[in-house]
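*Asks:* I'll drop the sequence and a predicted model, then ask my questions.
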Amino acid sequence: MKLNSWLLAAALLVGTAVQAQPAVSPEVQAARDAMRQACAADQKSLCADKQGREMMQCMRANADKLSQGCKDAMAKLPRPPAPPAN
């Protein structure tokens, strides 16, 4: 019984480690910071009720309404890879 508990705990730890996000490179972090600064007013007026991924989706959905500085900053952000098809 103890062996089963240890195996379950080990499987949970491995599963958690696999799901962890890799560290962000300094270049990507700089691009994110520049986007946050350039798009602060746009985000506040267009997507104030959104955070994280939902905020980015909102900003992309409203691309035609963004300021030019925000559009330029967003164009420099690397896009995450598409999730694998099931």
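*Replies:* Good, I have the coordinates.

*Asks:* For stretch 57-74, list every residue counted as buried.
*Replies:* 58-59, 66, 70-71, 73-74 (16 or more other CB atoms under 10 Å). Backbone N, C-alpha and C define where each C-beta goes, glycine included.

*Asks:* which secondary element of the chain has the worst mean pLDDT?
*Replies:* The weakest-scoring helix or strand in the chain, judged by mean pLDDT, DSSP states H and E, is helix 2-19 (a mean of 52).

*Asks:* Most widely separated two among the buried residues of stretch 57-74?
*Replies:* The two members of the buried residues of stretch 57-74 with the most space between them (CB to CB) are Cys58 and Ala73, at 15.6 Å.

*Asks:* Just send the buried residues of stretch 57-74 back as a markdown table, with secondary structure, pLDDT and distance to Ser25 too.
*Replies:* Compiled in a markdown table, those are given as follows (DSSP: H, G, I helix; E, B strand; the rest coil; pLDDT from 0 to 100; distance: CB to CB, whole Å):
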| residue | secondary structure | pLDDT | distance to Ser25 |
| --- | --- | --- | --- |
| Cys58 | helix | 95 | 25 |
| Met59 | helix | 94 | 22 |
| Leu66 | coil | 96 | 25 |
| Cys70 | helix | 96 | 22 |
| Lys71 | helix | 95 | 23 |
| Ala73 | helix | 95 | 17 |
| Met74 | helix | 92 | 18 |
